[in-house]
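Asks: got a structure for you, letters missing:
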């Protein structure tokens, strides 16, 4: 079994910052990529940022220059997202996702965390 646990969400004023964390645990052979998605009320889930095993990153246009995704160099199964200059449009449930192999030779599968609420007040 694979578990992804997010933390770091909360309530912040516009212009403020938050740092989200995601830790993957369980039967994991290797992680191909990790990502943050978000879903605002009444909207579809969208990709916010993604980081590959090699460290390549990509971001949604709406967060470029404000959000930074990273992985822990010492704990490879841990991911972070530093969110600066938050605005009310960033309010959403943020989900951690990982694309990984559970064993050598297994196929790649996607796993999701339960989500953490981020609320930005004006």
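Replies: That came through fine. Worth saying up front: this structure is predicted, and the values here are computed from it rather than measured. Numbers count the residues shown, from 1 in each chain.

Asks: now the most centrally placed residue in the chain: which helix or strand?
Replies: The residue lying closest to the centre of the chain (C-alpha atoms, centre = their mean) is residue 36, at 2.6 Å. Remark: residue 36 resides in strand 30-39, with elements defined by DSSP states H and E.

Asks: which parts of this structure are strands?
Replies: 2-7, 10-13, 18-26, 30-39, 46-52, 57-59, 67-71, 78-83, 92-101, 109-112, 116-121 (DSSP state E).

Asks: dump the ones you listed to a markdown table, plus mean pLDDT.
Replies: Shown next, in a markdown table, are the strands of the chain (pLDDT from 0 to 100):
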| stretch | mean pLDDT |
| --- | --- |
| strand 2-7 | 96 |
| strand 10-13 | 98 |
| strand 18-26 | 96 |
| strand 30-39 | 96 |
| strand 46-52 | 97 |
| strand 57-59 | 97 |
| strand 67-71 | 97 |
| strand 78-83 | 97 |
| strand 92-101 | 96 |
| strand 109-112 | 96 |
| strand 116-121 | 98 |
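
Asks: so what touches stretch 114-122?
Replies: 5-14, 16, 18, 20, 38-39, 83, 86-95 (C-beta atoms under 8 Å, 6 or more residues apart in numbering). (Each C-beta comes from the backbone N, C-alpha and C, glycine too.)

Asks: ok, now how distant is the residue of the chain positioned farthest from its centre from residue 30?
Replies: Distance from the C-alpha centroid of the chain, by C-alpha atoms, centre = their mean, peaks at residue 105 (25.9 Å). Separation of residue 105 from residue 30 (C-beta to C-beta, to the nearest Å): 11 Å.

Asks: overlap in contacts of those two?
Replies: What both residue 105 and residue 30 touch, as defined by C-beta under 8 Å, 6+ apart, is an empty set.
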